[in-house]
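In: got a sequence here, can you model it:
(chains A and B, ligands or ions: 1)
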Amino acid sequence: MYKYDEVDVNFINQRSNQFTKQVERYFDNELDDDQFRSIRLRNGLYQELHAYMLRVAIPYGTINSKQLVQLAHIADKYDRGYGHFTTRQNIQFNWIKLSQITEIIADLAKVDMHAIQTSGKVMRNITADPLSGIREDEVADARPYCELIRQWFTVHPEFSWLPGKFKIAINGSERDEIGLQFHDLGLQVVLNDDNELGFSVYVGGGLGAAPMLAPNIKSFVPEQDILSYIESVLRVYNLIGQRSNDKRLRIKFLVKKLGIERFSELVERDWLASKGDDDIKLNAVKLNKIKQEFSLPIEPIKSITNNTTVDFNYSIWKNNNVISNKIDGYSIVYISLSQLGSAPGNIYSDQLIQLSKLASSYSLGEVRTTKKQDVVLPYVRNQDLYVLWQQLELFDLSSPHNSTLAHIVACPGADYCSLAKTESISVAQRVQQRLNENGILFETGELGLHISGCENSCAHHHVADIGLLGLNKGEENFYQITLGGGTKHKTVLGKKIGRAVSSDNVIDAVEKIVGVYIKNRKPDENFNQVFNRIGIQLFKESVYA
Amino acid sequence: MLKVKDIEKKQKNKNRTLRYIEQWILEKGKASDLINGILIRPTDDVESLAVTLNQAPLIAFDFNNFDDGISYSQVKILRKRVGYKGEIRAINVHIDHLQFIFRSGVDSYELLPQYKKYNEDYGIDFSVCYQAAENNVGLLEKHRIY
Ligand code: SF4
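Out: Numbering: from 1, shown residues only, chains lettered A, B, ... in the order given. Model prediction:
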């Protein structure tokens, strides 16, 4: 895991002091609301329905035990005892008082955490596969590049006031489980014919009201030139991206307007003029140094077979939530935070503390967060799995439903978010309740349901097996349903099933869709495979019958 | 890093009168000495105007719009790609932008009047930064991986 040194520590402390001064100026009426909005967003602070919301960065979803304890402290001291893991691997606190914000930021800085660039028209916190470094099929671990790019984009002198937000993801694996193509910039680590490392670059993806999969604009950029290439993409965007129409700020609209070819040409032209600049070329020796910071902290061990009498619940949990690490003798454990009856992604302070202890005891103090709002312990010895499960049981952290319908992804929706059109959390709860009553909740196998409360699509509903998007029509709430989206091997946008269904009918509709899936599935098939085989028609007929 | 004072000292053209580029071309021959600078608009393509820009002793960028960072890329292109050797001035600067202005490659800046009361070092909150930029060498050696 990357460790902050003096420079990093100084930097976040100085940023924290700067923000403190800016908050004071706002209180003294020396910054107007618009200016302060722009500044506070760049420091992760939103103004929501009932309070301020602070989004804390968890760069590429990696967090340690000490930081988890501090998050618990923040939840207890400044919030209502819980936080909420987001679909972009961050954590947010929904009940923040502006008068306490500078204290919170200072508390975060004590454990090398911050909220820099988690919102606003800037390069946002970078995301990566939570299994980076421990996947069998990786071309290379994405994390060193993530860290490098994190440093490079932090308070960048040229690109800190962009036309719109700019989200970057990096994937080092041959599977794409991070939805590379729904990011503004997606970097896929690849090898060229000469076996040299580099990146295949996708630009202009995004969900929201006009979902677009990012096209590939360059099949190979050598590793040492990646920063200059990203700069060229950003420079073109910064210079000619739309700034006046609030609905067309993202780079996807520029790519669409110019066409992929013209856009790539402009980037290429800028890049040819700038890539020779030594200031921005990666130095191989120093790059290797940063790679070493991410070298795996475990070595193969012989698994000791435990003779413990294992119980049925443990077996289900192990089956659904545990996969093997690429290092022999180790496992990767998913901990689902989507408990029945609670808001997906929510975690209470006692759970944070328990998670921290378990990470220290069983996973070398490291935890990863995922875009499905759950967490992963990356380095668990096989022989510790049963004891770990028993401990998780004590704190309600052992839900055995990773990737099943009992694990729903939902944005905060109308309960917290000022932009929401509809509720999300209550729909998740109603779906789970209904399917639980009918006895099929745990029988669905791999099936993802994602619910967004408005077109901003924070729950990534476009790329779910079943996606629900909340809409308002007059006084009434409706949900538009999409089916067959996914980010397993590549990013696929779901197809709209038909007209939106009312809030009263949405649970019936989901139940019918699940019914068609269960009726038609062959042994070992998941929803995605069934959908690809039988198409949308049967689902449509059952929902609108 | 340069200190703010160093940047201000580089202000060569004390009196300045700014014109948009078309007007500047028209007035060039006959203008008084005071009309010495070109004011770049967000829509101006700095690179394609290189020949004219290189003839002006002063080029200014307006940073009044708090949320708009287009000028940072224009300044970069003017300095790096066009190779402009004259004075680049940032005008109507907000103090919260100073840290960016400072590293963008401008030679001099003029704060908006409402910030007059601030100490000139107010906007310089950082002794470290992660990137190499026009006015600083960027990362300390340990961090400097490019
Ligand atoms: S999708 Fe909309 S309602 Fe949900 S969190 Fe995002 S902005 Fe808010």
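In: residue nearest the centroid of chain B?
Out: In chain B, the residue lying closest to the centroid (Cα atoms, centre = their mean) is B:Val106, at 3.1 Å.
In: assign it to helix, strand or coil.
Out: coil (DSSP: H, G, I helix; E, B strand; the rest coil).
In: looking at chain A, which residue is nearest chain B?
Out: When distances are taken as Cβ to the nearest Cβ, chain A reaches nearest to chain B at A:Trp161, 2.5 Å away. Bear in mind the C-beta positions are built from the backbone N, C-alpha and C, glycine included.
In: surely that residue is in contact with B:Phe63?
Out: No - using Cβ atoms under 8 Å as the test, A:Trp161 is too far from B:Phe63 to be in contact (9.5 Å).
In: contacting residues around A:Arg175?
Out: Contacts were defined as Cβ atoms under 8 Å, 6 or more residues apart in numbering or on different chains; by that measure A:Arg175 touches A:135, A:137, A:488-489.
In: is it possible to export those residues to JSON lines including secondary structure, pLDDT and distance to chain B?
Out: As requested, the contacts of A:Arg175 are arranged in JSON lines below (DSSP: H, G, I helix; E, B strand; the rest coil; pLDDT from 0 to 100; distance: Cβ to the nearest Cβ, whole Å):
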{"residue": "A:Arg135", "secondary structure": "coil", "pLDDT": "90", "distance to chain B": "24"}
{"residue": "A:Asp137", "secondary structure": "coil", "pLDDT": "87", "distance to chain B": "27"}
{"residue": "A:Lys488", "secondary structure": "coil", "pLDDT": "73", "distance to chain B": "33"}
{"residue": "A:His489", "secondary structure": "coil", "pLDDT": "73", "distance to chain B": "32"}
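In: Throw those residues into TSV and include neighbour count and distance to A:Pro412, thanks.
Out: Supplementary listing: the contacts of A:Arg175 in TSV, determined by neighbours: other Cβ atoms under 10 Å in any protein chain shown; distance: Cβ to Cβ, whole Å:
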residue	neighbour count	distance to A:Pro412
A:Arg135	21	31
A:Asp137	9	34
A:Lys488	14	26
A:His489	11	30
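In: tell me which element the residue of chain B found nearest the ligand falls in.
Out: For chain B, the nearest residue to the ligand under the criterion Cβ to the nearest ligand atom is B:Asp67, separated by 19.8 Å. Per DSSP states H and E: B:Asp67 is located in neither a helix nor a strand.
In: would you agree it is in contact with A:Lys121?
Out: Yes - shown here, B:Asp67 and A:Lys121 form a contact pair, counting by Cβ under 8 Å, at 6.9 Å.
In: which of these two has more neighbours?
Out: Each of B:Asp67 and A:Lys121 has its neighbours counted (other Cβ atoms under 10 Å in any protein chain shown); A:Lys121 has more, 21 against 14.
In: not counting sequence-adjacent ones, nearest residue to the more buried one?
Out: The spatial neighbour of A:Lys121 that comes closest, neighbours along the chain excluded (Cβ to Cβ, 6 or more residues apart in numbering or on different chains), is A:Leu162 at 4.9 Å.
In: what residue ranges in chain B score low on pLDDT?
Out: Low-confidence regions of chain B, defined here as pLDDT under 70, cover residues B:1-12, B:14, B:31-35, B:120, B:123, B:135-146.
In: who's in contact with the residue in it that chain A sits nearest to?
Out: In chain B, no residue comes nearer to chain A than B:Gly69, which is 2.5 Å away by Cβ to the nearest Cβ. By Cβ under 8 Å, 6+ apart, the contact list for B:Gly69 reads A:158-162, A:238, B:100.
In: in a markdown table, list those along with secondary structure and neighbour count.
Out: Supplementary listing: these in a markdown table, determined by DSSP: H, G, I helix; E, B strand; the rest coil; neighbours: other Cβ atoms under 10 Å in any protein chain shown:
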| residue | secondary structure | neighbour count |
| --- | --- | --- |
| A:Glu158 | coil | 23 |
| A:Phe159 | coil | 24 |
| A:Ser160 | coil | 21 |
| A:Trp161 | coil | 25 |
| A:Leu162 | coil | 28 |
| A:Asn238 | helix | 26 |
| B:Phe100 | helix | 24 |
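In: could you pull out the strands for chain B?
Out: Residue ranges of the strands in chain B, as given by DSSP state E, are B:17-19, B:35-40, B:58-62, B:87-93, B:108-111.
In: helix/strand/coil for the residue lying closest to A:Phe395 once chain neighbours are set aside?
Out: Once flanking residues are discounted, A:Phe395 sits nearest to A:Gln354: 4.3 Å by Cβ to Cβ, 6+ apart. Local secondary structure at A:Gln354 is given as helix here, using three-state DSSP.
In: ok, A:Tyr51 - contacts?
Out: Let me fix one detail, which is that residue A:51 is Ala and not Tyr. Neighbours of A:Ala51 in contact, by Cβ under 8 Å, 6+ apart: A:94-97.
In: what about those residues, which are in strands?
Out: Secondary structure defined by DSSP E assigns A:94-96 of the contacts of A:Ala51 to strands.
In: quick revisit: would TSV of the contacts of B:Gly69 with distance to the ligand be doable?
Out: As requested, the contacts of B:Gly69 are arranged in TSV below (distance: Cβ to the nearest ligand atom, whole Å):
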residue	distance to the ligand
A:Glu158	28
A:Phe159	24
A:Ser160	23
A:Trp161	22
A:Leu162	19
A:Asn238	25
B:Phe100	28
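In: now render the residues you listed as a markdown table, adding distance to B:Ile59.
Out: Listed next are the contacts of B:Gly69 as a markdown table, based on distance: Cβ to Cβ, whole Å:
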| residue | distance to B:Ile59 |
| --- | --- |
| A:Glu158 | 17 |
| A:Phe159 | 21 |
| A:Ser160 | 22 |
| A:Trp161 | 20 |
| A:Leu162 | 23 |
| A:Asn238 | 18 |
| B:Phe100 | 18 |
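In: where does confidence bottom out across these?
Out: By predicted confidence, the contacts of B:Gly69 are weakest at B:Phe100, whose pLDDT stands at 90.
In: count of neighbours near the closest residue to that one other than its chain neighbours?
Out: Once flanking residues are discounted, B:Phe100 sits nearest to A:Pro157: 5.4 Å by Cβ to Cβ, 6+ apart. Number of residues near A:Pro157 (other Cβ under 10 Å) recorded here: 25.
In: which SS class is A:Pro157?
Out: The three-state label for A:Pro157, taken from three-state DSSP, comes out as coil.
In: now swap in A:Thr404 and tell me
Out: Relying on three-state DSSP, one would call A:Thr404 coil.
In: what mean pLDDT does the helix or strand that contains A:Glu265 have?
Out: Assigned by DSSP H and E, A:Glu265 belongs to helix A:260-274. In this model, helix A:260-274 has a mean pLDDT of 97.
In: kindly report the same for stretch A:313-333.
Out: If you average the pLDDT over stretch A:313-333, you get 92.
In: one more: stretch A:123-131?
Out: For stretch A:123-131, the per-residue pLDDT averages 95.
In: contact partners of that stretch?
Out: Counting contacts by Cβ under 8 Å, 6+ apart, the residues touching stretch A:123-131 from outside are A:57-61, A:88-90, A:117-118, A:135, A:142-143, A:146, A:149-150, A:153, A:156, A:159, A:162, A:165-173, A:177-178, A:183, A:234, A:332, A:368-371, A:376, A:378.
In: mind running it again at 7 Å?
Out: A:57, A:59-61, A:88-90, A:117-118, A:142-143, A:146, A:149-150, A:153, A:159, A:165-173, A:177-178, A:332, A:368-371, A:376 (Cβ atoms under 7 Å, 6 or more residues apart in numbering or on different chains).
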